[in-house]
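Student: sharing a sequence plus its predicted fold:
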Amino acid sequence: MSRNYFGTDGIRGTVGQSPITPDFMLRLGHAVGRVLRASAKRPTVLIGKDTRISGYMIESALEAGFASAGVDVLLSGPLPTPGVAYLTRALRLDLGVVISASHNPFNDNGVKFFSAQGQKLPDAWELAVEAALEEAPNWVDSTGLGKARRLQDAGGRYIEFCKSTISNELSLKGMKLVVDAAHGAAYQVAPAVFHELGAEVISIGASPDGLNINAGVGATAPQALVRAVREHGADYGIALDGDADRLQMVDANGRLYNGDELLYVMVADRLAQGRPVPGAVGTLMTNMGVETALRRLQIPLVRAKVGDRYVLEELSARGWQLGGEGSGHLLALDCHTTGDGIVSALQILQAVRRQGRPLAALLEGVSLFPQTLLNVRLADGADWKSNRQLAQVQAEVERALGDDGRVLIRASGTEPVLRVMVEARDGAQSKACAEQLAQAARG
């Protein structure tokens, strides 16, 4: 019986607790290796990681597990998650493995996987791995053990890929940028990308010690970037998260731009270049102001469930290219197979340069609706969907908002909490309606 080890973004947890323990990681590597051996005689996998101190332990355990199943291993060292996805595809490998807990603090860690095409793997593959985890190990003999070696210049290869995703004519000369790498996986490669394209680069969040990843810096703490941009008189600031798949940006005035706004810029820029954009994918949390602005461009916005995996699934099903979340996880499938903070930043800077207008001007007419998000703790076993009072209040609120707002109520996937979100053109109305709904939810 499968224990459902995989979440929506690989396997995650607090280090030292199940499943993030050395023995489980050894068994995981062995199980994944056995699944790979079912379709390839001598598979090769790439293991990359961010800068968490626990990455060393997990890397060694996974490497041993793969070797015990007869799988060869390439080690890249610290490298952004999208860098592992790219190199897996470019080097024609069988699997990419990333050791990271993304935007979480250092004491968490996890493992995610990419297919040979640099894409998220299907549920059937995860089920096969979970089934193998429940079976007794089948260690290969000494002659069949896998080998491991360091992949030389993994960072340099990825830097060149990032640069290749924009026009060969684009130069960032004359532009001063602050790049915040969150003390994470991009601390070396991110500054290099923008510097090699001609920008003057000031780096912050680029001194990892194994314990400071995402600590007061990066996309989840963008005020550090706001301060640095003002201090250095920079044109723009770029904030990544621990594994560099998220992006937040700041302009010279200290204005912060989230993923919803940056998605709009990418759509509008492609339209300005005469490129077709059949639609874009957001999530249930995508700001209604951006949806309204896209509608004026005659671009439909389809909402997926919260999570980059669901955005990607919706894009793939529709054959579209652009999507993302307000957190800054943006997808441009004409550039990369997965979300990439560096590539996304280059798309935005390219739009600024070739249109000759600052980022704020590219977002003229886009007004984000105020959002109020409240968390309501539920009693054990409570069924909020059968709460008639809540349903009645929700219907009343939706009638009052009309086309100028919306309500979203959803259960947390990790704790007994109900997420109540109200979005409206008027912030006071948004707050009042959310409090009404939260009161009804509490009963």
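Tutor: Ah, there it is. Numbers count the residues shown, from 1 in each chain.

Student: show the pLDDT at Gly96.
Tutor: Per-residue pLDDT puts Gly96 at 98.

Student: and whichever strand or helix holds it, what does it pack against?
Tutor: Under the criterion DSSP states H and E, the helix or strand holding Gly96 is strand 95-99. Where contact means 3 or more C-beta pairs under 8 Å, 6 or more residues apart in numbering; DSSP states H and E, strand 95-99 is packed against helix 22-37, strand 44-49, helix 54-68, helix 81-90, strand 108-114. The way it works is simple: take the backbone N, C-alpha and C, and place the C-beta from them, glycine included.

Student: would you turn those into JSON lines with distance to Leu151?
Tutor: As requested, these are exported to JSON lines (distance: least, C-beta to C-beta, whole Å):
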{"stretch": "helix 22-37", "distance to Leu151": "17"}
{"stretch": "strand 44-49", "distance to Leu151": "7"}
{"stretch": "helix 54-68", "distance to Leu151": "13"}
{"stretch": "helix 81-90", "distance to Leu151": "7"}
{"stretch": "strand 108-114", "distance to Leu151": "15"}
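
Student: export these as a markdown table, with columns for mean neighbour count.
Tutor: Shown next, in a markdown table, are those (neighbours: other C-beta atoms under 10 Å):
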| stretch | mean neighbour count |
| --- | --- |
| helix 22-37 | 22 |
| strand 44-49 | 26 |
| helix 54-68 | 21 |
| helix 81-90 | 26 |
| strand 108-114 | 24 |
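
Student: and Ala434, how far from Thr14?
Tutor: 31 Å (C-beta to C-beta, to the nearest Å).

Student: ok, now Gly328?
Tutor: 24 Å.

Student: in terms of neighbours, single out the busier of the two.
Tutor: Neighbour count, other C-beta atoms under 10 Å: between Gly328 and Thr14, Gly328 has more, with 29 against 15.

Student: can you tell me the element that one falls in?
Tutor: Going by DSSP H and E, Gly328 is not part of any helix or strand.

Student: that one and Gly259 touch, don't they?
Tutor: Yes - in this structure, Gly328 is within contact of Gly259 by C-beta atoms under 8 Å, at 4.0 Å.

Student: shared neighbours of those two, anything?
Tutor: The contact sets of Gly328 and Gly259 overlap at 246-248 (C-beta atoms under 8 Å, 6 or more residues apart in numbering).

Student: give me the subset of these lying in strands.
Tutor: 247-248 (DSSP state E).

Student: in ChimeraX, select just the buried ones from the shared contacts of Gly328 and Gly259.
Tutor: Applying 16 or more other C-beta atoms under 10 Å to the shared contacts of Gly328 and Gly259 leaves a buried subset, and the ChimeraX line that selects it is:
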select :246,247,248
